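**Student:** I would like the atomic coordinates for the input below:
(2 chains)
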2 protein chains.
Amino acid sequence: MDLCWHDPAGMPFRLEGFAWFHQDRLYRRLPLQPSEPIPEAVNWLANHTAGGQIRFMTDSDVIYIKAQLLKRADMYHMAPTGQCGFDCYAGVFGEQQFAGTAAFAPHEDSYTALLHRDKRRRLRLITIYFPLYQAVKEVSIGLRAGASLMAPPPFDDEGRVIVYGTSITQGACASRPGMAYPSQLSRRVNLEFLNLGFSGSGKGEPEMARMLAQIDNPACLVLDYEANCGGLAKLQETLPSFISIYREKHPKVPILLISRILPPSIDWDEELKLELEERRAFQQSLVEELARQGDDRLFFLDGGKLLGSRYGDSTVDGVHPTDFGFVQMADAILPELRRCLEIGS
Amino acid sequence: MDLCWHDPAGMPFRLEGFAWFHQDRLYRRLPLQPSEPIPEAVNWLANHTAGGQIRFMTDSDVIYIKAQLLKRADMYHMAPTGQCGFDCYAGVFGEQQFAGTAAFAPHEDSYTALLHRDKRRRLRLITIYFPLYQAVKEVSIGLRAGASLMAPPPFDDEGRVIVYGTSITQGACASRPGMAYPSQLSRRVNLEFLNLGFSGSGKGEPEMARMLAQIDNPACLVLDYEANCGGLAKLQETLPSFISIYREKHPKVPILLISRILPPSIDWDEELKLELEERRAFQQSLVEELARQGDDRLFFLDGGKLLGSRYGDSTVDGVHPTDFGFVQMADAILPELRRCLEIGS
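**Tutor:** Got it, this is the predicted structure:
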């Protein structure tokens, strides 16, 4: 087949989700040389490409992906498609539909795969999602030689939705990248999303607040790090400080604070249940207190309600949502996020 | 820790889902020596333990699993937990909740893992699900030494729900075994379930109809093999014959015929869309015709409606449901299955 290979970092492609790409030319979620020390684990996890997107318009019947990863798949509770795969959605914004996942040998650290085939050769918006739990060294997009290739329509504006959190935010354990909850939200809110979930390492340190505050054009900051907070006392220490640091730089940017989704173990671990209830109450009261002090752009969403009554069947391991869990999370977060964005605009 | 290891094939455990275990003493879904030739692929896939369950009552605080598999995990679109893992539900029938998944190194073909811990040490019904896409050579259950161990409550009766089908039936690509749709149904219908889904090989051959007819005490036969049928012409050949062979032996057993779930590619593949529509129409009209001829225990369920409008986000690869897809399937099949069981009883 006569394919033409393209570098998605070049025009007319739009590369989203890597806020420092223009400077470092790396598929990386944080700057290569942060202006101040950040936790080592976070610095390493920043190479995981969760939330990265390649957007373009084409009428090519086939869309191929060629990827060189840092390592091969090695997670026990996540499919290689989610950890190391790319997937693809097609169609105009708001109506984009799943169009294909890369199939590859899970013991390989590089692959070439057909993502999508549409014999009709219609001009359409394509969004390709990067792997959630792997670093990507190189990636190319293969299109039929001679097919048209154009820039995607612009987002509604330059505002970015920044989602800071844990492994859950990063996307464990979605079946494929497009099903992580920030990815799902990005198909319904026409803005760039930055997935800053760091597995086991979303601890809300002050240096991370300062790092996030450096990101230009924030439309909303979503804080979803309770699952890594280290307990109530630690949360009481980090959260007010995190919000305060961010507020210094961005006094008017809406902040949506989401408490942790319910792990099924609360059904048999009374201590955990009480601890989570205390953390939820603390977060809610902090938001109320700051509102009384004049912050009218800080909102709280009770994560304990996101999975409804079926939280037991919503995770693979009692902690990490499957696609079933992530669909429920995205559906429940969406109206709150929209409210934040309206207030912020 | 003082653990006592138990063989789940011995009393008081109840081993479900392996209809020939009493004869072959193997975790296998078909007889080791079928009375007539069956397709080689089916014979091999019968070693995959999809649908197998270990049931018992215990007050042990910990439940461990020790497993020796035939091979290690190697699927690109399914998590090792689903392919090679065991998971565990706890609680009385009808209220069983997810209680844990085995964590293991995916490059190993054997592991020992903690499935569940409940400090309260309450006496409770435990159901452990076998791996969906792997053969299990040996398995042991580890309980706290001295903990009570009792037989589970009996099912409602001796009737068995037989589900014959494809990779989708077998459970690709559930995140863990308890989320395959037959597993989900088995938590809401208090009968033994036999998962006879054979990946890529559920072709509805007459020999498979004769094999299934040998299974004693059928309460309902679910036929869900269209996705492997080989096209409309082949389906027109196999399906009437399959039903007729089964009916000779079991004239009064309800049969629920389910057409294929919608693959997202129907949105851009007009030929496939028409082909699937023709197959659906054929299956529906066959059921209506046989009803006219007097078969009042044959029912059709339109699989194209099981995933609702979100079929695009319901699969990992355009074919195989994720947990999100399987939850929708189980929810939609349940009332039809219950209707069949009421009529059959």
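**Student:** contacts, neighbours, all on C-alpha from now
**Tutor:** Will do.
**Student:** Just grab the bridge partners of residue A:62 for me.
**Tutor:** residue A:117 (DSSP bridges).
**Student:** How much space separates it from residue B:136?
**Tutor:** As judged by C-alpha to C-alpha, to the nearest Å, residue A:62 and residue B:136 stand 40 Å apart.
**Student:** the more surrounded of these two?
**Tutor:** residue B:136 (22 against 18; other C-alpha atoms under 10 Å in any protein chain shown).
**Student:** Quick one: neighbours of the nearest residue to that one once chain neighbours are set aside, just the number.
**Tutor:** The spatially closest residue to residue B:136, leaving aside those adjacent along the chain, is residue B:69, at 4.5 Å (C-alpha to C-alpha, 6 or more residues apart in numbering or on different chains). Residues near residue B:69, counting by other C-alpha under 10 Å, number 20.
**Student:** ok, and the closest non-adjacent residue to the one residue in the stretch 51-200 of chain A that gets nearest to chain B?
**Tutor:** Relative to chain B, the nearest point of the stretch 51-200 of chain A is residue A:79 (3.8 Å; C-alpha to the nearest C-alpha). Spatial nearest neighbour of residue A:79, excluding adjacent residues (C-alpha to C-alpha, 6+ apart): residue B:79 at 3.8 Å.
**Student:** Test my guess that that neighbour contacts residue A:77.
**Tutor:** Yes: here residue B:79 lies in contact with residue A:77, judged by C-alpha atoms under 8 Å, at a distance of 5.3 Å.
**Student:** list residues touching both of these two?
**Tutor:** Both residue B:79 and residue A:77 are in contact with residue B:175, where contact means C-alpha atoms under 8 Å, 6 or more residues apart in numbering or on different chains.
**Student:** any idea how far chain A is from the residue nearest to residue B:136?
**Tutor:** Taking C-alpha to the nearest C-alpha, to the nearest Å as the measure, residue B:69 falls 15 Å from chain A.
**Student:** Settle this for me: that residue is touching residue B:132, isn't it.
**Tutor:** No: between residue B:69 and residue B:132 there is no contact under C-alpha under 8 Å: 11.8 Å.
**Student:** Show me whatever sits in contact with both of the two.
**Tutor:** residue B:84.
**Student:** which parts of chain A sit against chain B?
**Tutor:** Contact residues, chain A versus chain B (C-alpha under 8 Å from any C-alpha of the partner chain): A:74-82, A:97-101, A:103-107, A:118-120, A:175-176, A:179, A:264-265, A:268-269, A:312-313, A:316-318, A:322-325, A:327.
**Student:** Which among those count as buried?
**Tutor:** A:74-82, A:97-101, A:103-104, A:106, A:118, A:175-176, A:179, A:264-265, A:268, A:312-313, A:316-318, A:322-325, A:327 (16 or more other C-alpha atoms under 10 Å in any protein chain shown).
**Student:** Could you tell me which of those residues belong to helices?
**Tutor:** Among those, the members found in helices (DSSP state H) are A:80, A:81, A:82, A:323, A:324, A:325, A:327.
**Student:** dump the residue contacts of the third one.
**Tutor:** So the one you mean is residue A:82. Residue A:82 touches A:131, A:132, A:133, A:173, A:174, A:175, A:176, A:177, B:77, counting by C-alpha under 8 Å, 6+ apart.
**Student:** The second one too?
**Tutor:** Contacts of residue A:81 were listed using C-alpha under 8 Å, 6+ apart, and they are A:101, A:102, A:103, A:131, A:175, A:176, A:177, B:76, B:77, B:78, B:316.
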